[in-house]
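K.L.:
with the input below, show me the fold.
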Amino acid sequence: MRGTLTGLLAGFLFGLGLCLSGMTSPAVVQGFLDVAGAWNPALLFVMAGGVAVTFVGYRFLVPKSKPLWASRFSLPTATRIDTPLLAGAAIFGIGWGLAGYCPGPAVVSLASGRIAVVVFVLSMLVGMILVRWMRSGSRASMPSLAAEENR
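P.N.:
Below you'll find the predicted structure:
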């Protein structure tokens, strides 16, 4: 229960930070990506803040034996740059540039009730489900994909 409450509080603070920084506005994000036009550096400062917090977390918290409210740390184990990673990054970047949303701000923006946000989040969920379905169905017919995922 304590971990759930901590997660809810962290999510609330994250969402509040996104709202206060203007990152729930697609115009701010698209302004950052418009380096040849009316460039808006606001996202750069938000990213710098995120990198600073992550650096402190990894530097000082991860070396501890375990987190406060969990039995172990859940850190990524994959370190290989492969085709699924690059394809996912490209699709994410294209979607981010076109829509002005990435998953976090999109979920926060659902509270606005705007149809465009609802359509974006539903499309994102459908895409996630399709990729999972395609990868699970293709493991049996493509042994090299399964071997690549298990490395």
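K.L.:
contacts and neighbour counts: CA atoms only from here.
P.N.:
Will do.
K.L.:
so who does the most centrally placed residue in the chain touch?
P.N.:
Among the residues of the chain, Pro103 comes closest to the average C-alpha position under CA atoms, centre = their mean, at 5.5 Å. Residues in contact with Pro103 (CA atoms under 8 Å, 6 or more residues apart in numbering) are 121, 124.
K.L.:
ok, now how distant is it from Trp133?
P.N.:
20 Å (CA to CA, to the nearest Å).
K.L.:
find me the pLDDT at the residue nearest to the centre of the chain, would you?
P.N.:
At Pro103, the pLDDT value in this model is 88.
K.L.:
same check, this time on Ser109
P.N.:
91.
K.L.:
spell out the secondary structure type for it.
P.N.:
The three-state label given to Ser109 by DSSP: H, G, I helix; E, B strand; the rest coil is helix.
K.L.:
tally of neighbours for it?
P.N.:
For Ser109, the neighbour count with other CA atoms under 10 Å is 22.
K.L.:
excluding its backbone neighbours, what's nearest it?
P.N.:
In this structure, Ser109 finds its nearest non-sequential neighbour in Thr24, 6.0 Å apart by CA to CA, 6 or more residues apart in numbering.
K.L.:
just Val46 next, same as before
P.N.:
With CA to CA, 6+ apart, the residue lying closest to Val46 is Ser21, at 7.3 Å.
K.L.:
quickly list the domain ranges of the protein.
P.N.:
Annotated domains of the chain cover 1-75, 78-151 [automatic domain parsing].
K.L.:
distance of Gly88 from Ile81?
P.N.:
From Gly88 over to Ile81 (counting by CA to CA), the distance is 11 Å.
K.L.:
of those two, give the one with the bigger neighbour count.
P.N.:
Remark: of Gly88 and Ile81, Gly88 carries more neighbours, 11 against 8, as counted by other CA under 10 Å.
K.L.:
tell me which element the more buried one is part of?
P.N.:
helix 83-99 (DSSP states H and E).
K.L.:
shaky segments in the protein?
P.N.:
138-151 (pLDDT under 70).
K.L.:
which strands and helices sit next to the helix holding Gly88?
P.N.:
helix 26-33 (3 or more CA pairs under 8 Å, 6 or more residues apart in numbering; DSSP states H and E).
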